[in-house]
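A.B. asks: quick one, what's the 3D model for this:
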Amino acid sequence: MGSPRDSHSFRMHWLRGACLLLPLCVALSLRAAQQTAQTPTTNSAGQGQSGEMSVKEENSASSTDSEAAKFRVNVKLVLARVVVRDSTGHAVGNLKKEDFELFDNGKKQVISNFDAEHVPAAATVSTTSIAGSGGSANSTSTPPTFPSRYIAYVFDDLRLNFGDLAHVREAAQRRIDELPASERAAIFSTSGQTVQDFTDDREKLHKTLNSLQPRPTQVQAGTRCPDISLYMADLIVNKHDPNALQAAINDYMVCANLQPQFITTVGPQVEGFATQVLNIGEEESRMGLRVLKDVVRRMASMPGQRTLVLVSPGFLTPELEYEYGELIDTALRGQIVISSLDARGLYVVLPFGDASQRGRPDVDLPGQANTPAIRVSLDTQSASAESDILAVLANSTGGTFFQNNNDMNEGLRRVADPPEYWYVIGFTPQNLKNDGKFHTLRVTLANHQKYDLQARRGYYAPRKAEDPVEEAKREVEDEVFSSEELHELPVILHTEFFKPADDAAKLTVLARIDVKRLRYKQAQDRNQNDLTVVTAVFDRNGNFLQANQKLVQMRWKSETLQAKLSSGITLKSSFDVKPGRYMVRVVARDSEQQVMSAENGAVEIP
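C.D. replies: Modelled structure (predicted):
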């Protein structure tokens, strides 16, 4: 590839993101649509007594079960997004596939997929208008322009204290005031209690920011007795660290006013406290990762540049490394950049703890190790470990990690802007076992230029093989919520609308398929193939509204295929909407060739 491609207009077919939509519960509705089978209906193309074609119509309001069409499962790729910077910190955009080398557990791999991406400073995205005023389609009127960039701000309200949250919230308010007309912003929180979907309505965004508040699920550090952090709890319970346990015991002796003779008997009790802290902390981490993964999947439906900004004081993921590895994979396949901002700003560990906190002895207990020194060491290690996950998420997805700086205005500016150039490298591991083990990845430059490379550290092998039917369903979903156009099947998209009232409209999407150009399996003197067609409607902000799915079971006689179907078949899906601008998308896939088409369109209903 000689030149980079603009990321706002190009989505690689082999990079398919997941599509669960958190705020709208679209995952459930589309899954229901894929699992619904109604009574086959008669079609003008010739179904009926001959039984040559049946259509099973499915929509997002349905909930009964049926067997989904089986599709070919694509080969799993391991992806790495690489940002290359020169000595001045600027991203380098003129490299090619042969300039890179990739190593999996130290073994050089064949790079099977490669793409260079360019993010223009001011990108615009518009889709072709296929409907005009009145009620007909294919007008030559000015096409509706849709957002070119989406930024999701995820605030870690489970861990942010009030002071840090107030500081970064003030900076976020300024960012919202400067929101360009071509951008959409959304606000989420790791507790799940704050949700504002993508919008350009600044008043809504300001109101949502003002509603943010700390929502911890356990007593804050410094007020517990004993004072055991999640980092210490992980050391005590999972890693059996004697120094961490002794520091917690010493804390307990002081805060509980116990006599020194009891120090040898409180160990099991302190370990019980540590287990409680660990269990609550792990659930907080799971909640946060679930929200992040759902937001990433949500953003896979967006058509332009997409950045997730995680605002957090840092957190730990004990025993959850596989889960955040899945988050990274999902972001890479959905082409979502994750940036992170350490909301603690310039963070300093007090040498002898905070005098206002109880349970922090500033002197050693008789016969015990240097407790203040141990606590300073543990607090320093904890601060580093908590920020490490923020760095991993950013470095693995091509984002920016902003830390050790109190200028939150500058921080939010930096993390919201993706690098101008990056590269996506894919390879297929050979003989990969489904054992869930970690594989180290190393990306280098073949000619050893003195550039800085930012890429993921590694990946986790799958824990089990995914069921082909389930993966097939997911692949269809992924394409529905992508923005790329594919033309592997002969599908033409057309729209119409009718306004029964000033505030209501019926939008009809027609998908015409040239069935004569499909390939068929010959069985029982019939030409057999199954075709799945999904039609989806999105609003002006790119938010999913409705979806309809049809499963066309074709059993044509040869004479019917040749004589009656020269004009193809047309499938119609209707949606009740209000006047406004909409994006529509039709995705079709057949069971024989196992190929897919995806057509985009836009309609403006006055």
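A.B. asks: list the contacts of residue 275.
C.D. replies: Counting by C-beta atoms under 8 Å, 6 or more residues apart in numbering, residue 275 makes contact with 233, 237. (C-beta placed from N, C-alpha, C; glycine too.)
A.B. asks: helix, strand, or coil at it?
C.D. replies: Secondary structure assignment for residue 275 (DSSP: H, G, I helix; E, B strand; the rest coil): helix.
A.B. asks: heads up, I number from 824, so please use that
C.D. replies: Right, with 824 as the first residue, what we last looked at is residue 1098.
A.B. asks: okay, it and residue 1065: tell me how far apart.
C.D. replies: Using C-beta to C-beta, to the nearest Å, residue 1098 is found at 17 Å from residue 1065.
A.B. asks: so residue 1397 lies in a strand, does it not?
C.D. replies: Yes. Under three-state DSSP, residue 1397 sits within a strand.
A.B. asks: in the stretch 824-973 of the chain, where is pLDDT below threshold?
C.D. replies: 824-877, 879-898, 944-969 (pLDDT under 70).
A.B. asks: quick one, strands of the stretch 1124-1273 of the chain?
C.D. replies: Listed in chain order, the strands found in the stretch 1124-1273 of the chain under DSSP state E, counting those that start in this stretch are 1128-1135, 1160-1165, 1224-1225, 1244-1250, 1261-1268.
A.B. asks: in its sheet, which strands sit next to the first one, and in what direction?
C.D. replies: When you say that, I think you mean strand 1128-1135. Sheet pairing of strand 1128-1135 (DSSP bridges) gives strand 972-978 (parallel), strand 1160-1165 (parallel).
A.B. asks: which residues does the closest residue to residue 1218 other than its chain neighbours bridge with?
C.D. replies: Once flanking residues are discounted, residue 1218 sits nearest to residue 1277: 5.4 Å by C-beta to C-beta, 6 or more residues apart in numbering. In this entry, residue 1277 is beta-bridged to residue 906, by DSSP bridges.
A.B. asks: could I get the contacting residues of residue 1277?
C.D. replies: 905-908, 1218, 1221.
A.B. asks: residue 1068 belongs to a helix, doesn't it?
C.D. replies: Yes. Judged by three-state DSSP, residue 1068 forms part of a helix.
A.B. asks: count of residues packed around it?
C.D. replies: 19 (other C-beta atoms under 10 Å).
A.B. asks: same question for residue 1315.
C.D. replies: Per other C-beta under 10 Å, the neighbour tally for residue 1315 reads 14.
A.B. asks: and it, what helix or strand is that in?
C.D. replies: If you go by DSSP states H and E, residue 1315 is part of strand 1314-1324.
A.B. asks: what strands flank that strand, and is each parallel or antiparallel?
C.D. replies: Each strand paired with strand 1314-1324, and its direction, by DSSP bridges: strand 1327-1336 (antiparallel).
A.B. asks: and the partner strand, how far from the chain's centre?
C.D. replies: Offset of strand 1327-1336 from its chain centre (C-alpha atoms, centre = their mean, to the nearest Å): 30 Å.
A.B. asks: which outside residues touch it?
C.D. replies: Here strand 1327-1336 makes contact (C-beta under 8 Å, 6+ apart) with 1312-1323, 1354, 1356, 1358, 1360, 1391-1402, 1405, 1407, 1409, 1411, 1422, 1424, 1426, 1428.
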